[in-house]
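# sequence plus the predicted model coming up.
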Amino acid sequence: MHAIVSDLSFSIRGLPSTGFSDRWDRCGRWWFAGQPLTRLLFLSLFGAVMVLWSLSASAAAILVLPNDPLEDLDNFGQSVAADGNTLVISKNGDNTQGLSSGAVYIFEFDGSNQLVQVAKVLGDGGNFDRLGDSVAIEGDVMAVGATGDDDVANSAGAVYVFERDAGGAGNWGRTAKLTASDGGADQSFGFTVDVSGDRIVVGTLFETDVAENFGAAYVFEKEGGQWVENAKLEPVNPDPQDNFGIAVAISGDTAVVGADARDEVGGFATSAPGTAYVFERGGGQWGQTARLSAGEQSDLFGGAVGISGEILAVGAPGHNEGAASSTGAVYIFEPDGGGQWSQTAKVLPSGIQEQDRFGKGLEVSGNAFAAGAIGTEVNNRQAAGAAYVFERSDSGPWTQVAKLNRDNPARNDAFGGRIAFGGGNVVVGIIDAPDIPVVQVAGGGAAFAFTVPVTPPPPPPPPPPEYEDIFSGGADAGGGWHESSWFGFYNVNFDPWIFHLEHGWTFVEASSTPDSMFLFDLSSGAWYFTGQALYPNLFSFGRNAWVFYFAGTSNPRNYVDLASGEFFDLE
């Protein structure tokens, strides 16, 4: 049984030292649990996750370890992911199916705010497959990279897809194994990965199609219950050795790919300022729509990227702030209303110091983001590392909410380089933590979980009574939820907001009737119209024209542009 340690701390802006802990539960409700200043919580006789809560302005968090005993070079904490109450932590050095075949562990907070291991998943097995080199999760879908997989060729790489409840309630079952259609030896497909709905983006650093070791990214979509390769993302004017694919992120129809070694900005050669490329899906096709950079030498801009809705964040851990070298920075970009992404903020934590390398790890969640500063000195230990959480309300300034670090760090921990953030929960992995008494093996690794209260989105406005008549025609799914073939799931209690399977959250204009509903698509900024039939007319944001939809057509869907009379197809 692992010992209990008080090994973490974080400070929260505006949280009084009342002895109470506050966090968001799965349904977005505030709850408060009275706790003594320090209280040991044993999860079970054989529990693998230990907690010492010190609930004040500086509070302890959860040390997360697997049920399996750790061995040398297990690398538990190699990659981490978080979505709501679910945390994912990989151990790419796991030897269950062969030397460094890899494994991934899934933990969940239960109703008592205890973190318990609920699953361990494995791949096909094979020496040095390194399942867990990357992990990502959203909702019920988890993607896991195994860069050493040899199915296509030696170390070509693969990504496994696991889904919740596949094979039984509560089970995480494998539903797909993805490889690149043009994969080759030593390409490390799965070096990075991210998930958004029914889409997965995969990065590979050593793909050579456009330039030597330039890299590439691939988008997979779930169609007819199967995951299929939908696009290969490559930038305009690539250069060799750019590290394209070192970081990837996806949200809806927008994907971001980092290339932190890109050495040319605006036509002038510099020393690795780095670049982040934005790709967007329109008309059924993915295309590059922006190339972002801070344009400063040695920024390593693009070494980490994150996106949630219309907030795109890029880490630049090599950024020099004034005369201080490698302080790091995080840059925020947002749509400017004219089809371009514009920088709206450059964010630095309080007390930033030389060589802090802020922005090495990064993830965006709603109107907040978490980022690591792997070089931060803590308790006179160089490069112990720290992590920060920032948030903003509406379009206001970004405010530092929390600074997270271990109470008793070790030199060169690089805490914050492996970071995930979702639903107010932050998880940080450290692959070498022999100083922790319960680890005691070199390269065994550990992970640390924090709960950071962040401002929730405002609740939807109360629906007018007539909206129940408009939307009540879908199949009743219980609890006020309905399902229709076009709108997907919607809830009569949430209108005028509804959820559409393709467009995400959509706003229904108040003048709508059952025969003519006007919908505003938040993802594209366009108004759409539909009647009781299957959206026969709608406004195409990309074409800037009213179009007519031929009911019953799909994959591709057939339209006519009412302004020009042109016929066209869209997936």
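Cool, the structure landed.
# what ranges do the strands span in the stretch 151-300 of the chain?
158-164, 172-178, 192-196, 199-204, 216-223, 226-233, 244-251, 254-259, 264-265, 268-269, 275-282, 285-292 (DSSP state E, counting those that start in this stretch).
# what about the second one, average pLDDT?
Here the mean pLDDT over strand 172-178 is 97, rounded to a whole number.
# give the buried residues for it.
Buried residues in strand 172-178, counted by 16 or more other C-beta atoms under 10 Å: 172, 174-178. C-beta here means a position set from N, CA and C on the backbone, and glycine is covered the same way.
# need the residues you listed in CSV with distance to Pro437, can you?
Shown next, in CSV, are the buried residues of strand 172-178 (distance: C-beta to C-beta, whole Å):
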residue, distance to Pro437
Trp172, 31
Arg174, 35
Thr175, 39
Ala176, 40
Lys177, 39
Leu178, 40
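# quick check, nearest of the residues you listed to Pro66?
Trp172 (14.8 Å; C-beta to C-beta).
# low-confidence ranges in the stretch 301-450 of the chain?
Along the stretch 301-450 of the chain, segments meeting pLDDT under 70 span 395.
# now do the helices in it.
For the stretch 301-450 of the chain, helices defined by DSSP state H, counting those that start in this stretch do not occur.
# what's the answer for the stretch 1-150 of the chain, then?
Under DSSP H, counting those that start in this stretch, the stretch 1-150 of the chain gives no helices.
# can you tell me which of the buried residues of strand 172-178 is nearest Asn230?
The closest of these, once distances to Asn230 are taken by C-beta to C-beta, is Leu178, at 11.2 Å.
# kindly state the beta-bridge partners for the closest one.
Val159 (DSSP bridges).
# coming back round to it: adding distance to Gly338, write the strands of the stretch 151-300 of the chain out as TSV.
Listed next are the strands of the stretch 151-300 of the chain as TSV, based on distance: least, C-beta to C-beta, whole Å:
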stretch	distance to Gly338
strand 158-164	35
strand 172-178	36
strand 192-196	24
strand 199-204	26
strand 216-223	25
strand 226-233	23
strand 244-251	20
strand 254-259	16
strand 264-265	22
strand 268-269	26
strand 275-282	14
strand 285-292	12
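# which of those strands comes out lowest on mean pLDDT?
What stands lowest among the strands of the stretch 151-300 of the chain, in mean pLDDT terms, is strand 268-269, with a mean of 46.
# and Leu70, how many residues sit next to it?
25 (other C-beta atoms under 10 Å).
# give me the mean pLDDT for stretch 453-472.
Mean predicted confidence for stretch 453-472 is 51.
# which of the buried residues of strand 172-178 lies closest to Ala420?
Among the buried residues of strand 172-178, and counting by C-beta to C-beta, the member closest to Ala420 is Trp172, at 17.0 Å.
# and the gap between that closest one and Phe191?
Per C-beta to C-beta, to the nearest Å, Trp172 is found 22 Å from Phe191.
# what do you get for Asn237?
22 Å.
# okay, those two: which has more neighbours?
Phe191 (24 against 9).
# wait, that one touches Gly148, no?
No. Taking contacts as C-beta atoms under 8 Å, Phe191 lies outside contact range of Gly148: 10.8 Å.
# give me the common contacts of these two.
Taking C-beta atoms under 8 Å, 6 or more residues apart in numbering as the contact rule, the neighbours common to Phe191 and Gly148 are 133, 157.
# didn't Val161 look like it was pressed against Asp140?
No. Here Val161 lies out of contact with Asp140, judged by C-beta under 8 Å, at a distance of 10.8 Å.
# more neighbours: which of the two?
A side-by-side neighbour count of Val161 and Asp140, using other C-beta under 10 Å, places Val161 first with 21 against 13.
# which one is the more buried one nearest to, not counting chain neighbours?
Ala176 (4.0 Å; C-beta to C-beta, 6 or more residues apart in numbering).
# for Val305, what are its contacts?
Contacts of Val305 by C-beta under 8 Å, 6+ apart are 247-249, 256-258, 276, 312-315, 362.
# can you check the pLDDT for Asp114?
Just so we're on the same page, residue 114 is Gln rather than Asp. 83.
# with the one 3 residues further on instead?
Looking at Gln117, its pLDDT reads 96.
# what's the burial count for it?
For Gln117, using other C-beta under 10 Å, the count is 20.
# for Val236, same thing?
If you count neighbours by other C-beta under 10 Å, Val236 ends up with 9.
# and what of Arg164?
With other C-beta under 10 Å as criterion, Arg164 counts 18.
# correct me, but it touches Trp172?
Yes. Between Arg164 and Trp172 there is a contact under C-beta under 8 Å: 6.0 Å.
# identify the contacts common to the two.
Met142.
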